[in-house]
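Undergrad: what's the 3D shape of this:
(2 chains)
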Protein chains: 2
Amino acid sequence: MIGAGNVAVNLAQALAKHVDVLQVYSRKLSNANFLAAKVDAEATDDLSRISEDADIYIISVKDDAISSVIDAVPDNGALWVHTSGSKPMELFAGKRRRYGVLYPMQSFSKQITVDFHDVPFFIEAAKESDVESIENLASQLSTKVFRADSELRRRLHVAAVFSCNFANHMWVLAHDVLQEAGLPFDVMLPLIRTTVDKLDKLSPAESQTGPAIRKDYNVMDAHMKMLHDEDVRRLYSILSESIIRYSEKTINDGKMS
Amino acid sequence: MIGAGNVAVNLAQALAKHVDVLQVYSRKLSNANFLAAKVDAEATDDLSRISEDADIYIISVKDDAISSVIDAVPDNGALWVHTSGSKPMELFAGKRRRYGVLYPMQSFSKQITVDFHDVPFFIEAAKESDVESIENLASQLSTKVFRADSELRRRLHVAAVFSCNFANHMWVLAHDVLQEAGLPFDVMLPLIRTTVDKLDKLSPAESQTGPAIRKDYNVMDAHMKMLHDEDVRRLYSILSESIIRYSEKTINDGKMS
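TA: The predicted model follows:
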């Protein structure tokens, strides 16, 4: 496991239940030691000391650091993969004989251990036999393993940024509004959970509610007046406009009654 | 129950398990009939035929229509409440002797029946004895009943718009990105659920992930290039900037290590 960040910590621990994790590399030895202890592996902070004995090398580092890792370690004929949703498999081209991608589409943090069972994995490899190896590995962790080329993976990642990162930012903004009102953020959790539960039965467009979709400009104006931060006010306005525009587009497309 | 929209349909059905729902009014008789049948009540589309026998009248109509309902029906000395998160209790002032607000902070649709058990209710009334009556009623539905004046309720509603309506709009945008890639929206649900589950343990700011918080401009630029809709591209950019700005603010405030 090359890397000891949020993805690497979760992935290595899940894999360790099924396969032998030989070694953990991190630029920071303390991070390598932390993860290595959890998966009963060797730790190193020296790329020249990466073990040559592994069947598969998983590069799970910051996107911009993947290429420098590939360049710093010579090819040993084993299978090399990265875990990025954004970077093409071709980072390995000409530098490895066997390579691919193992992208778990999930949001990871070190504090919370992810259950991989329903996490969709999107995988690819240069050679069909390696696709099958990666598929076998991923299938030990998850029931949802899809083959996806770099282009599809990039689109997935964009969708994930909207679904997870941007949605979470909405909760950051809500947290501040509540804090100003002297209320804990958790009064909002039932509402958020119901909003997500709706997605089991309805498309997001069908389940949209609120002042914008109702074109209730009185409420929207009143809300705008309560927001002191100019950037937050601007976001309220732009997002409301976008909801209105989307609802009109959907009606014009004849997708909804 | 005056109204037969999303809030009224859910609230009336939940209340009917504990109290006798006498009558349902809606401008559209078909809507009044639909809800009245579910709660074993009388239906009417005529404000002049609102029953005089109820102990409590719940006005659950579009915000802008609350005042016209109040004006169209004479005071009978009973307790009158509205269910709006945005409108002040003072809509009733001078027009009713006993009045208040019963605001269930939740996102409602007619297709999905809401379990009110964890739904926070925010209540107020002009007279203390009526606050207690509303509190007793709300406590039969939910374990989370808070007293909140109009100003607090408005702030809650703004927080709910960000938490629910705007977050859902992010899923509308993700749905379109996935659809273009030929993938069903539900590949995104495990990611979305984990993102919400994190909020049980971490604040939204602590659980923020993604290219923006990492200031990974290469990924952000690549994502922007894949978005064909100019408004969606603008949203991607503005939201990413906002995430970066918030993370810097939080670091400067010394709230996080």
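Undergrad: low-confidence ranges in the stretch 151-257 of chain A?
TA: The model of the stretch 151-257 of chain A has pLDDT under 70 over residues A:250-257.
Undergrad: Tell me which stretches of it form helices.
TA: For the stretch 151-257 of chain A, applying DSSP state H, counting those that start in this stretch gives helices covering A:167-180, A:189-197, A:217-226, A:230-253.
Undergrad: now the shortest one, how far from the chain's geometric center?
TA: What separates the centre of helix A:189-197 from the centre of its chain is 21 Å, taken as CA atoms, centre = their mean, to the nearest Å.
Undergrad: What parts of the stretch 1-150 of chain A come near chain B?
TA: A:6, A:62-64, A:86, A:105-109, A:111-112, A:114, A:118-120, A:144, A:146 (CB under 8 Å from any CB of the partner chain). Any C-beta I mention is one placed from the backbone N, CA and C, and that applies to glycine too.
Undergrad: Report the buried members of those residues.
TA: A:6, A:63, A:86, A:105-109, A:112, A:114, A:119-120, A:144, A:146 (16 or more other CB atoms under 10 Å in any protein chain shown).
Undergrad: Save the residues you listed as JSON lines, and put in pLDDT and distance to B:Ser48 too.
TA: Output for these, formatted as JSON lines (pLDDT from 0 to 100; distance: CB to CB, whole Å):
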{"residue": "A:Asn6", "pLDDT": "94", "distance to B:Ser48": "63"}
{"residue": "A:Asp63", "pLDDT": "90", "distance to B:Ser48": "67"}
{"residue": "A:Ser86", "pLDDT": "81", "distance to B:Ser48": "64"}
{"residue": "A:Met105", "pLDDT": "90", "distance to B:Ser48": "58"}
{"residue": "A:Gln106", "pLDDT": "87", "distance to B:Ser48": "58"}
{"residue": "A:Ser107", "pLDDT": "79", "distance to B:Ser48": "55"}
{"residue": "A:Phe108", "pLDDT": "85", "distance to B:Ser48": "61"}
{"residue": "A:Ser109", "pLDDT": "79", "distance to B:Ser48": "59"}
{"residue": "A:Ile112", "pLDDT": "78", "distance to B:Ser48": "58"}
{"residue": "A:Val114", "pLDDT": "86", "distance to B:Ser48": "60"}
{"residue": "A:Val119", "pLDDT": "91", "distance to B:Ser48": "59"}
{"residue": "A:Pro120", "pLDDT": "92", "distance to B:Ser48": "58"}
{"residue": "A:Lys144", "pLDDT": "89", "distance to B:Ser48": "58"}
{"residue": "A:Phe146", "pLDDT": "90", "distance to B:Ser48": "61"}
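Undergrad: From those residues, which land in helices?
TA: A:Asn6 (DSSP state H).
Undergrad: Cross-reference the buried ones among the residues of the stretch 1-150 of chain A next to chain B with the strands and report the matches.
TA: Counted as lying in strands by DSSP state E, out of these, are A:Phe146.
Undergrad: Of the buried ones among the residues of the stretch 1-150 of chain A next to chain B, which is the nearest to A:Gln179?
TA: A:Ser109 (21.6 Å; CB to CB).
Undergrad: mind listing what the nearest residue to that closest one once chain neighbours are set aside touches?
TA: Among residues not flanking A:Ser109 along the chain, A:Asn6 sits closest, at 5.4 Å (CB to CB, 6 or more residues apart in numbering or on different chains). Shown in contact with A:Asn6 (CB atoms under 8 Å, 6 or more residues apart in numbering or on different chains): A:Phe108, A:Ser109, A:Lys110, B:Thr209.
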